[in-house]
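Peer 1: The following comprises the amino acid sequence and a computationally predicted model.
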Amino acid sequence: MIEALIKIAIVIGGLMTAAAYFVLLERRMAAWVQDRVGPNRVGAPLSQLNKSWKDLRLFGLGQPAADGVKFILKEEYTPAHVDKRLFVLAPISILVAALATFAVIPFGSILPPGLLSDEPIALVISPGAGVGMLVVFALSSIAVYGVILGGWASNNKYSFLGALRSSAQLIAYELPLGLGILGVILATGSLDLDKIISAQAETGWWFAFTQPLGFFVFFVAAFAEAARLPFDLPECEQELIGGYHTEYSGIKLLLFLVAEFLHMIAASFLIVMLFFGGWHFWFITGADANPGWVQAILRVAVLMTKIFLVILFFMLVRWSWPRFRFDQLMAFAWKVMLPLGLINFVAVAAIDQFRTISGNTSPGMDLLCVAVAWVICIVAWVGISFAGPLVADNRPRADLNPFDIDSQI
Amino acid sequence: MKADDPNIKWVEEPKLGLSGKMYAPMFVQGLATTFKHLKNSLQGKAVTVSYPEQEPQFDNPLIYRGVHRLNKDSQGRVKCVACFLCATACPAHCIDIIGIESPWEDREKYPESFTIDELRCIYCGMCEEACPVDAIELTSLYNLTGRSREEMIFDKEKLLSVYDATKDTEPMRSPGMGGAV
């Protein structure tokens, strides 16, 4: 019980701090990519304590605290035209769903016995939850409710448009997300994230190598589920002024923004654990179920480094790619991601079966399987790009008569 | 306007090549551009000027339009002849001149008071262009601040002191007209 409480405190504390500092990192990254400097001023305001001391800047590390205080002290305005109960419920539900996801997501491997009791401590809040992935999926669908409730309760057409787009997008991309994971589950035979990581650690082949197609599908779908650019149509500042949270201010807006970052962090956790071997790194972390102290700490460090790198990639992508148009977004989900996911699923099953029948477990066989998987990936990618091009000319057509054109518009 | 109007020119979208259709190569291209800028910024090549510590550099301070000054002639007198051309040219009506008879031989009038409301001024530089004796000029002082509206109404003494402060760094623009430099 105490053990679980300590773990909950560590996870929630760590996540909230991480979310705050990722906001700073995101702003600095945005500035760097745009040849600016970014927020680098707020540090330790020592001159407030003693006039003769100088303020410390600390690369702007005080910015998250300043932002938090600003959000909390700001007037929390509730417009008169909103549905008050739902308006309050929406940010709470989205944050709770985002935080609850981390109950089944491990933040390390396992600690050796002797710290609190004679039992080894699994670094996950609910160890041995055999349906971990299902829980993650269920909770990530609840996050859609927060968005829709927010948009509906705001009683504002832009908020509602954002919420509608968001619901369509999140529902559409949940399919490729599931299909991407399906291959991993097929290969490991378990929904437990810990077992999925162990399976990769034992063979040394991360699923990003053995199931490249599944990895691409999951990666893209994870971007869409986290509503990050180029899939940030729920918010798209330029068109919808922030989408579903346009009417929110103060601490409620903060809850929405934190929940968004938590979604991104959760997506990075899942990407790393399902496809980049979680805490595993060759020659450093080992693969046995009962690591020593050095290995246990190294595993946490490796996991955090990988997640950090994936989040950096998230932030870099934000400034590299323009947003999709909505019809392109839907076409991408249904015409590209869905078939690719299905092809991946069939390919993984076929390769797995081929391997079982051959009875060959040599490294050469591993290499062959990986090579086949990559060939399938490239062939499927090229095939899909010619069969279902994303660019659709939806202008009125000149060869139709004016009446038809008017009805098209 | 109907779609079959002869004035409409139909433009076809360019066809996508292989890399465009496959999407990924274009993505790598975009990522490479972003990464290049990220690298440059991390190497300290950001274009931002960290203002209070670092002064902005003007390409040519002589054509920057900042705070006004009233020039003095070689004998240290105000050059202004109170002709009101600057006040007439001013689109913001921020110049207020009271001209009286000049005590000097070389001109008929001079300004008893010459005030510019720096808050009202739009820094267009028309006064500078209108002035026939190059008495009023805009300097490159850009960081103009004050604690009250009254403080920002500059009188003759203040404008002359701006000249004293800037005459070394910014010479008068047409010394041929009897300027101090």
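Peer 2: That came in fine, so what should we check first?

Peer 1: Next, the contact list for the spatially most central residue of chain B, please.
Peer 2: The centroid of chain B falls nearest to residue B:65 when counting by CA atoms, centre = their mean (2.5 Å). Going by CB atoms under 8 Å, 6 or more residues apart in numbering or on different chains, residue B:65 touches B:123-125, B:138. Yep, even glycine has a C-beta here, placed from its N, CA and C like the rest.

Peer 1: Using CSV, lay out those residues together with pLDDT and distance to residue A:149.
Peer 2: Output for those, formatted as CSV (pLDDT from 0 to 100; distance: CB to CB, whole Å):
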residue, pLDDT, distance to residue A:149
B:123, 91, 51
B:124, 90, 53
B:125, 88, 56
B:138, 89, 57
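
Peer 1: Go through those residues and give me the one with the most neighbours.
Peer 2: Of those, residue B:138 is surrounded by the most neighbours, 21 neighbours in total, counting by other CB atoms under 10 Å in any protein chain shown.

Peer 1: Quick check: closest non-adjacent residue to that one.
Peer 2: Once flanking residues are discounted, residue B:138 sits nearest to residue B:65: 4.5 Å by CB to CB, 6 or more residues apart in numbering or on different chains.

Peer 1: Is the one you found in a helix, a strand, or coil?
Peer 2: Classification of residue B:65 using DSSP: H, G, I helix; E, B strand; the rest coil returns coil.

Peer 1: same check, this time on residue B:100
Peer 2: Strictly by three-state DSSP, residue B:100 counts as strand.

Peer 1: To which secondary structure element is the most centrally placed residue in chain A assigned?
Peer 2: The residue lying closest to the centre of chain A (CA atoms, centre = their mean) is residue A:267, at 2.0 Å. Of the helices and strands defined by DSSP states H and E, residue A:267 is found in helix A:250-275.

Peer 1: buried set for that helix?
Peer 2: Neighbour-count burial for helix A:250-275 flags A:250, A:252-275 (criterion: 16 or more other CB atoms under 10 Å in any protein chain shown).

Peer 1: if I look at the residue nearest to residue A:164 when sequence neighbours are not counted, how far off is chain B?
Peer 2: With CB to CB, 6+ apart as the criterion, residue A:164 has its nearest non-adjacent residue at 7.1 Å, and that residue is residue A:151. The gap separating residue A:151 from chain B is 30 Å, by CB to the nearest CB, to the nearest Å.

Peer 1: got it, and residue A:167?
Peer 2: Distance of residue A:167 to chain B, given as CB to the nearest CB: 25 Å.

Peer 1: Whichever residue of the stretch 151-300 of chain A sits closest to chain B: which element?
Peer 2: Relative to chain B, the nearest point of the stretch 151-300 of chain A is residue A:216 (8.6 Å; CB to the nearest CB). Assigned by DSSP H and E, residue A:216 belongs to helix A:212-225.

Peer 1: Scan chain B for its longest helix.
Peer 2: For chain B, the longest helix by residue count, based on DSSP state H, is helix B:24-42.

Peer 1: ok and the helix or strand harbouring residue A:163 relative to helix A:250-275, angle-wise?
Peer 2: Element membership of residue A:163, judged by DSSP H and E, is helix A:157-188. Comparing the axes of helix A:157-188 and helix A:250-275 via axes from the mean of the first three to the mean of the last three CA atoms, to 10 degrees yields an angle of 20 degrees.

Peer 1: And helix A:157-188, what's buried?
Peer 2: Applying 16+ other CB under 10 Å to helix A:157-188 flags A:158-170, A:172-185, A:187-188 as buried.

Peer 1: residue ranges with poor pLDDT in chain A?
Peer 2: For chain A, the stretches with pLDDT under 70 are A:236, A:240, A:388-409.

Peer 1: Let me see the domain layout of it.
Peer 2: As assigned by automatic domain parsing, chain A contains the domains A:1-72, A:74-325.

Peer 1: Out of those domains, flag the one nearest residue B:148.
Peer 2: Comparison of the domains of chain A against residue B:148 by CB to CB identifies domain A:1-72 as nearest, at 25.6 Å.

Peer 1: That closest one and chain B, any residue contact?
Peer 2: Yes - with CB under 8 Å from any CB of the partner chain as the measure, domain A:1-72 is seen reaching chain B through A:29, A:31-37.

Peer 1: could you dump the residues you listed to a markdown table with distance to residue A:96?
Peer 2: As requested, the residues of domain A:1-72 next to chain B are exported to a markdown table (distance: CB to CB, whole Å):
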| residue | distance to residue A:96 |
| --- | --- |
| A:29 | 28 |
| A:31 | 32 |
| A:32 | 34 |
| A:33 | 33 |
| A:34 | 35 |
| A:35 | 40 |
| A:36 | 36 |
| A:37 | 37 |
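
Peer 1: I'd like to know which of those residues are buried.
Peer 2: Applying 16+ other CB under 10 Å to the residues of domain A:1-72 next to chain B flags A:29, A:31-34, A:36-37 as buried.

Peer 1: Mind jotting down where the helices sit in the stretch 301-409 of chain A?
Peer 2: Using DSSP state H, counting those that start in this stretch, the helices of the stretch 301-409 of chain A run over A:326-331, A:338-358, A:363-387, A:402-408.

Peer 1: Which of those sits closest to residue A:131?
Peer 2: Minimum separation from residue A:131 across the helices of the stretch 301-409 of chain A (CB to CB) falls at helix A:338-358, 19.8 Å.

Peer 1: Output the contacting helices and strands for that closest one.
Peer 2: helix A:157-188, helix A:212-225, helix A:363-387 (3 or more CB pairs under 8 Å, 6 or more residues apart in numbering or on different chains; DSSP states H and E).

Peer 1: If we use 10 Å, what do you get?
Peer 2: With contacts defined as 3 or more CB pairs under 10 Å, 6 or more residues apart in numbering or on different chains; DSSP states H and E, helix A:338-358 has these neighbours: helix A:157-188, helix A:207-210, helix A:212-225, helix A:363-387.

Peer 1: neighbours around residue 54, how many?
Peer 2: Just so you know, I chose chain A. 9.

Peer 1: please go with chain B instead
Peer 2: Around residue B:54 there are 9 other residues, counting by other CB under 10 Å.

Peer 1: thought it was touching residue B:46?
Peer 2: No - assessed by CB atoms under 10 Å, residue B:54 is found out of contact with residue B:46, at 11.7 Å.

Peer 1: can you tell me how far residue B:47 sits from residue B:124?
Peer 2: Remark: distance between residue B:47 and residue B:124 (CB to CB, to the nearest Å) = 27 Å.

Peer 1: Tell me which residues touch residue 158, please.
Peer 2: If you meant another chain, say so; for now it's chain A. A:151, A:239-244, A:246-247 (CB atoms under 10 Å, 6 or more residues apart in numbering or on different chains).

Peer 1: That was the other one, I meant chain B.
Peer 2: For residue B:158, the contacting residues are B:67-70, B:114-116, B:118, B:151, by CB under 10 Å, 6+ apart.

Peer 1: Pick the one among those closest to chain A.
Peer 2: Distance to chain A, by CB to the nearest CB, is smallest for residue B:151 among these, at 25.8 Å.

Peer 1: wouldn't the closest one be in contact with residue B:118 here?
Peer 2: Yes - using CB under 10 Å, residue B:151 is in contact with residue B:118, at 9.2 Å.

Peer 1: Neighbour count for these two, which is higher?
Peer 2: Per other CB under 10 Å, whichever of residue B:151 and residue B:118 has more neighbours is residue B:118, with 19 against 12.

Peer 1: quick one: contacts for residue A:145?
Peer 2: Under the criterion of CB under 10 Å, 6+ apart, the neighbours of residue A:145 are A:89-90, A:93-94, A:97, A:167.
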